[in-house]
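Undergrad: Got a predicted structure here, sequence first:
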Amino acid sequence: MKKYIIYIISGLLLFGTTACSKKMNEPQAQQKETSNTLPQDMTAMVEPVDSLVRCMLENNKTYTPTDPDFFWSALYYFLGEYGAEHPLVSETDDNRLKVPRKVAQEYAIALFANYVDLLPLPEGLSSFITYDKNWDSYLLEQGDRGLAETVLSDYKKSDDTYSVTAKLQSTTEVQEVLGEWNITMQKNIFADGIKDPKYFYSITDVTPINGLVLPPQGVSAIFNGLSDNHTVEVTLEDGTIQAFQFYNSTVSEKLHSLNEGDAFSLKYLCDDKTGSLTILEID
């Protein structure tokens, strides 16, 4: 399946043996209710949260619901990864998802508590998602979550606000944490108007806690070989031999097709705790 990297990742990172710089969020206000167990009606919110954090992490974006590019990028992740589960969503002959407008609206409401209506679809995303006026539906490819999952914990409630901690972690034995965020929600004010609603909350904010520092664009390397099913060893341009982790199936497929000595370029993330490097995309 196609990897969800919509925009070219950019940033600056110095290679070395030390871990990446750590970012912490500001202390939160005292909460009235704290529990490690999510309410039953909140468990489905792992899906929109997972879509949001992947979109933000892979595209170096902040939670900006009023930005059409971010709005549709996040919605593209959400629909592509989880839209097939909706009873009104169908598959086209070329294996794309056909998502009725009202389903796109339902999913957008879960992502954005300030939702009023679907924002204009940016031209820059036309190769990923299109609108068919005859069907009144959006057409897009199905997503691939790869070897990672989002886990919600540390549920807190304060008046009408709810918060959880979201960790995106690998599903390998190591269960490496790829990123961590604080998610704030409120009750979904549109839920009563949706037939058989699945998402009873709407997200109001997503704040990084322990993030991954985004890498420089277009790192070149020589393929040395695979150490295991999720580790590749490469030689960088300066002659340094470096190990990278990978968890996405598209990245895995491309790496398995390389031969020793092949040159390629990659985009990666650095874990600010351990310094481990995770490949996001291969060119």
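TA: It's in.
Undergrad: List phi and psi for the residue lying farthest from the centre of the chain.
TA: Residue farthest from the centre of the chain, counting by Cα atoms, centre = their mean, is Gly239 at 32.4 Å. When read as degrees, to the nearest 10, the backbone of Gly239 gives phi 90, psi -10.
Undergrad: Now do the contacts for it.
TA: By Cβ atoms under 8 Å, 6 or more residues apart in numbering, Gly239 lies in contact with nothing. For the C-beta atoms, the positions are set from N, CA and C on the backbone; glycine is no exception.
Undergrad: State the three-state secondary structure for the closest residue to Phe128 other than its chain neighbours.
TA: Leaving out its chain neighbours, the residue that sits closest to Phe128 by Cβ to Cβ, 6 or more residues apart in numbering is Tyr76, at 5.8 Å. Per DSSP: H, G, I helix; E, B strand; the rest coil, the secondary structure class of Tyr76 is helix.
Undergrad: Check Gly143 too.
TA: Gly143 - assigned by three-state DSSP - is coil.
Undergrad: With adjacent residues omitted, what lies nearest to it?
TA: Nearest to Gly143 is Gly80, by Cβ to Cβ, 6+ apart, at 3.4 Å.
Undergrad: Which strands or helices does the helix or strand hosting that neighbour pack on?
TA: Per DSSP states H and E, Gly80 falls inside helix 68-82. Where contact means 3 or more Cβ pairs under 8 Å, 6 or more residues apart in numbering; DSSP states H and E, helix 68-82 is packed against helix 46-59, strand 96-100, helix 101-111, strand 129-132, strand 137-141.
Undergrad: Okay, now the sheet partners of the following helix or strand past it, with direction.
TA: Counting by DSSP H and E, the next helix or strand C-terminal to helix 68-82 is strand 90-91. Strand 90-91 has the following sheet partners, assigned by DSSP bridges: strand 96-100 (antiparallel).
Undergrad: And the partner strand, what's buried?
TA: By neighbour count on 16 or more other Cβ atoms under 10 Å, the buried set for strand 96-100 is 96-100.
Undergrad: residue ranges with poor pLDDT in the stretch 151-283 of the chain?
TA: Across the stretch 151-283 of the chain, the ranges flagged by pLDDT under 70 are 211-218, 249, 271-274.
Undergrad: Now the spatially most central residue of the chain: closest residue in space, sequence neighbours ignored.
TA: Centroid-nearest residue in the chain: Arg54, 0.9 Å away (criterion: Cα atoms, centre = their mean). Residue nearest to Arg54 in three dimensions, not counting chain neighbours: Tyr77, with 5.8 Å by Cβ to Cβ, 6+ apart.
Undergrad: where's that neighbour relative to Tyr107, distance?
TA: 10 Å (Cβ to Cβ, to the nearest Å).
Undergrad: follow-up on the earlier one: wait, which of the helices and strands packed on helix 68-82 is closest to Ser265?
TA: Nearest of the helices and strands packed on helix 68-82 to Ser265, taken as Cβ to Cβ: helix 46-59 at 16.4 Å.
Undergrad: Check the average confidence over the closest one, would you?
TA: In this model, helix 46-59 carries a mean pLDDT of 91.
Undergrad: again, but for stretch 100-119
TA: On average, the pLDDT along stretch 100-119 is 97.
Undergrad: Check whether Met204 sits in a helix, strand or coil.
TA: Residue 204: Thr, not Met. strand.
Undergrad: can I assume it is in contact with Leu111?
TA: No - at 10.4 Å, Thr204 does not count as touching Leu111 under the criterion of Cβ atoms under 8 Å.
Undergrad: now the helices for the stretch 101-250 of the chain?
TA: With helices called from DSSP state H, counting those that start in this stretch, the stretch 101-250 of the chain shows them at 101-111, 249-256.
Undergrad: which one of these is the most hemmed in?
TA: Each of the helices of the stretch 101-250 of the chain was scored by mean neighbour count; the highest is helix 101-111, a mean of 21, by mean count of other Cβ atoms under 10 Å.
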